[in-house]
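Participant: Predicted model follows, preceded by the sequence.
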Amino acid sequence: MPNRTDASLARRMVRARAARVSALLLGGLFIGFLLLVVVFIEYRRAIDWIDHTHKVISAVEELQSTLSDAESGQRGYLLSLDPRQLVPYEEGRERSRALLDRLRSLTADNPVQQDKVTALRSLTADRLDRMAELLRQADEAGVAWAPAPVREGIGANMMAEIRRMTATMRADEDLLLAGRSRHATILELLMIAYGIVFVTVTGWLCFSTVRRLERDYQAERAEGEVLAATLQENRILLDEVNHRVKNSLQIVANLLRTQAMRHRSEEVRQELLDSSSRVLAIAEVHRRLYGEGAVYDTVELTDLIRSIAENAVPPTGGAEPSMTLATGAPLSAPVDTAVPVALIVNELLTNSYKHAFPDGRRGRVTVDMAVAGNEVRIDVADDGIGLPEEVAGNSGGGFGLNTARNLTRQLRGRLEIERLTPGTRFLLTFPMKPPAPTQA
Amino acid sequence: MKILIIEDEFLIAEGVSLTLQSAGHAVTGIAEDLPTALALAGQEKPDMAFVDIKLANGSNGLDVARALKAMGIACVFATGNPPNKAQAGGVGLGYIAKPFSPRVLVQTAAFVAGVLSPGAPSAAAPHGFVTL
C-alpha cells in the first residue's frame, strides 16, 4: 500500500504542476491574443494608409496625364483651328480642377504635400490661363494667326515645372508607401509568429495532456487491478476469520456442554450448561454480524430473539415456547445492544425452563416483543410454579438473574418481575440506540 | 437412528456426539476426512451424517456428501460456511450453520429421521435448519 500511495501522491503532484504550467501557458496565449487584436487593428490601419497612398499617387499621375491631354488638344486646335480638337482641352480644364481638389483632400494629413498641392494648383492655373490666352489670340487672328508665342516656349517651361512638381509629390508618396508597406509587413510577420506560437503551444498542451491522461489511465488501471486483488484477498481472509470465530464459539459451547454432561455434580452440570447456553447466545449475534466477505454493524432484533428463544428450549422438556414478536418492521440494533439483549433474554428463558416446570410439569413459555416509540419491550412469561417472593425482589436470584439485571442497567433499561397466578412475567424495557457507524 | 459425524474439530465432534446420544441416537463414529468417512460409512452403514465442509487433510465436505449419497446415506451439512444450492448440487438435505445449539441439532436429527421413515407424516423443517 505505501508504494501505491506514493505513486498516487507523485501523480497528483505531476498533475498539479502540469495544471500550473498549462494555466501559465494559456494565460500567455490569452495575453498574446489581446496583443494580436491590437496588432490586427494596427495592420488594418496600415493597409488603409497604403491604399490611401496609392490613391494620392494615382491622383498625381492622373493630373499629369490630364494636363498633357489638355495641352495636346490646345496645340491641335492652334494648328488646325478645328473645334473638335478643343474637347480634350475643355475636359482637361475641368478634370484638373477636380483632381487638385481631390489631392488637397487626400493630403490633408500631410502639411508638406499640402504646400506642394497649393503650388501645383497655382502652376496649373497659370498654365491653363496661358493656354486659354493663346486660344483667344488664335480665335481673334483666325487663319492668319502665327504661333510665335508657342515658339517662345513659355508654356513648355510651365509644363516642365508642373512635371517636376508632380514628380516630387510622387517621390514623397513612394517614400511613404515604402514605409507603410514595411510597417504592414512587420505586423503581418507578428501575426504569423503569434499563429505559429499558438499552434505550437496548444498542440504541445494537447499532446502532453493526452499523453499524461493515457499514462494516468494505465497507472490507475494497474492500481485498480492490484486493489481488486488485495480486496479479494481481504475478502477471503475475512471469510476465513469469520469461519474461525464461528468454529471457536462452537468449540467453546461444545466444550462446556461436554464437560457438563460428564460431570457427576448436577449443580455443576447445570452451571456449565448455562454457560454453554450463554456462549451460544453471544454466537447467535456474531453469526448475524459476519456474512460472506462482509461485516455488518447491526443485527435484526426480531430474528435474533426468535433464535435465542428456540435455542433456549431444552432438547427434552415439558414446556413448549410460544412467541409473539410484533415489531411491525425489521428492528436493527447495534452490536452493543444486541449482545446484552440476547444474553438477558437467554437468561430469562433459561430461568423459566429450569425452575418453572419441576418434576415433569408441562406448561407454556411466551415471548412477546413490541416497539413503542423509541422503546423496545420484551415480555418473557411462563405459567409455571412462579418465582419465590425473595427472588422476585430487586436483588434476589442467582448468578443468571443478577447478570440479567446488570446487563439491563448497561442498556439503560428496566427489568420488571411480576408474579402471576400461575407463573412469572419478566418485562424488559430499553431505549433503542441509533446504529453506530460501521467500523469494518 | 445411526448417525455418522464428519468433523475435523474434535471438541465440536465430541459435543455433537454426546448431544445426539443423549437424544437417543447411535453415533457410529467420528471421521475427520474423506477416506475415514468412507471407511466408517462402509463398515457401520449409518442412516445419516452430519458433515462439515472444511475437513482435515484437504478433504471437502461436499465431496464426502457426494460419496455418501452414492452409498444411500442422507447428509446434513453442519458448517460455518454453508454452501448454496448450486454448490451443494443436491448432495445434502440441508444445513445447520455454526454455531448451532443442541436443540437445533437434535431437532434436525429428528426431522431427518422423519424424512427417512417411509410413510411418516412430513414434518416442517425445524428452526435453524435450511433446506438445500
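Facilitator: Alright, I've got the coordinates.
Participant: Could you pick out the residues of chain B near chain A for me?
Facilitator: B:9, B:11-12, B:14-16, B:18-19, B:22-23, B:54, B:80-81, B:97-104, B:106, B:127-128 (CB under 8 Å from any CB of the partner chain). All C-beta spots, glycine's among them, are computed from the backbone N, C-alpha and C.
Participant: Please pick the buried ones from these.
Facilitator: B:9, B:11-12, B:14-16, B:18-19, B:23, B:54, B:80-81, B:97-104, B:106, B:127-128 (16 or more other CB atoms under 10 Å in any protein chain shown).
Participant: Wait, a helix at A:Val367?
Facilitator: No: using DSSP: H, G, I helix; E, B strand; the rest coil, the assignment for A:Val367 is strand, not a helix.
Participant: Correct me if wrong: it contacts A:Leu349.
Facilitator: Yes: using CB atoms under 8 Å, A:Val367 is in contact with A:Leu349, at 7.2 Å.
Participant: re the thing from before, identify those among the buried ones among the residues of chain B next to chain A that sit within helices.
Facilitator: B:11-12, B:14-16, B:18-19, B:102-104, B:106 (DSSP state H).
Participant: nearest to chain A, of those residues?
Facilitator: B:Gly15 (2.7 Å; CB to the nearest CB).
Participant: list the buried ones in stretch A:247-263?
Facilitator: For stretch A:247-263, using 16+ other CB under 10 Å, the buried residues are A:247-261.
Participant: Would you check which of those residues are in contact with chain B?
Facilitator: Within the buried residues of stretch A:247-263, those near chain B by CB under 8 Å from any CB are A:247, A:249-251, A:253-255, A:257-258, A:261.
Participant: which one of those residues sits closest to A:Phe430?
Facilitator: A:Leu249 (24.5 Å; CB to CB).
Participant: Kindly tell me how buried residue 49 is, as a neighbour count.
Facilitator: Defaulting to chain A. 18 (other CB atoms under 10 Å in any protein chain shown).
Participant: Wait, chain B was what I had in mind.
Facilitator: 31.
Participant: Torsion angles phi and psi at the residue of chain A found nearest chain B?
Facilitator: At 2.7 Å from chain B, A:Asn254 is the closest residue in chain A, using CB to the nearest CB. A:Asn254 adopts backbone torsions of phi -70, psi -40, taken as degrees, to the nearest 10.
Participant: What are the boundaries of the helices in the stretch 151-300 of chain A?
Facilitator: A:154-262, A:266-289 (DSSP state H, counting those that start in this stretch).
Participant: And the average pLDDT for the longest one is what?
Facilitator: Looking at helix A:154-262 alone, the average pLDDT works out to 91.
Participant: helices or strands next to it in the packing?
Facilitator: Counting contacts by 3 or more CB pairs under 8 Å, 6 or more residues apart in numbering or on different chains; DSSP states H and E, helix A:154-262 packs against helix A:2-80, helix A:111-141, helix A:266-289, strand A:290-291, helix B:10-22.
Participant: Might you report the residue contacts of B:Gly72?
Facilitator: Residues in contact with B:Gly72 (CB atoms under 8 Å, 6 or more residues apart in numbering or on different chains): none are found.
Participant: and it, which of the three is it?
Facilitator: coil.
Participant: Please report the distance of it from chain A.
Facilitator: 28 Å (CB to the nearest CB, to the nearest Å).
Participant: Got the phi and psi for that residue?
Facilitator: Torsion angles, degrees, to the nearest 10, at B:Gly72: phi 80, psi 20.
Participant: per-residue confidence for it?
Facilitator: 93.
Participant: Also A:Ser275?
Facilitator: 93.
Participant: Could you list which residues are in contact with the nearest residue to it once chain neighbours are set aside?
Facilitator: For A:Ser275, ignoring the flanking residues on the chain, the nearest one in space by CB to CB, 6 or more residues apart in numbering or on different chains is A:Leu256 at 5.0 Å. By CB under 8 Å, 6+ apart, A:Leu256 lies in contact with A:272-273, A:275-276, A:279.
Participant: any chance of these in CSV, plus neighbour count?
Facilitator: Listed next are the contacts of A:Leu256 as CSV, based on neighbours: other CB atoms under 10 Å in any protein chain shown:
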residue, neighbour count
A:Leu272, 20
A:Leu273, 20
A:Ser275, 19
A:Ser276, 23
A:Val279, 21
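Participant: Between those, which sits nearest A:Leu120?
Facilitator: Nearest to A:Leu120 among the contacts of A:Leu256, counting by CB to CB, is A:Val279 at 124.8 Å.
Participant: so what's the nearest residue to that closest one once chain neighbours are set aside up against?
Facilitator: Excluding its sequence neighbours, the residue lying closest to A:Val279 (CB to CB, 6+ apart) is A:Ala253, at 4.3 Å. By CB under 8 Å, 6+ apart, the residues touching A:Ala253 are A:276, A:279-280, A:283, B:15, B:99, B:101.
Participant: hmm, back to that, for the residue of chain A closest to chain B, give me its contacts.
Facilitator: A:276, B:11-12, B:14-16.
Participant: and with 10 Å instead?
Facilitator: For A:Asn254, the contact set (CB atoms under 10 Å, 6 or more residues apart in numbering or on different chains) comprises A:276, A:279-280, B:9-19, B:99-100, B:102.
Participant: what residues are up against the residue nearest to it when sequence neighbours are not counted?
Facilitator: The spatial neighbour of A:Asn254 that comes closest, neighbours along the chain excluded (CB to CB, 6+ apart), is B:Gly15 at 2.7 Å. Contact partners of B:Gly15, counting by CB under 10 Å, 6+ apart, are A:250-261, A:276, B:7, B:9, B:102, B:105.
Participant: Repeat the analysis, applying 8 Å as the threshold.
Facilitator: Counting by CB under 8 Å, 6+ apart, the residues that B:Gly15 touches are A:253-255, A:257-258.
Participant: Out of the helices of the stretch 151-300 of chain A, indicate the one that is most buried.
Facilitator: Across the helices of the stretch 151-300 of chain A, averaging neighbours per residue (mean count of other CB atoms under 10 Å in any protein chain shown) puts helix A:266-289 on top, at a mean of 20.
Participant: can the helices and strands packed on helix A:154-262 go into JSON lines with extra columns for distance to A:Arg104?
Facilitator: What follows is these, written out as JSON lines (distance: least, CB to CB, whole Å):
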{"stretch": "helix A:2-80", "distance to A:Arg104": "10"}
{"stretch": "helix A:111-141", "distance to A:Arg104": "5"}
{"stretch": "helix A:266-289", "distance to A:Arg104": "104"}
{"stretch": "strand A:290-291", "distance to A:Arg104": "101"}
{"stretch": "helix B:10-22", "distance to A:Arg104": "121"}
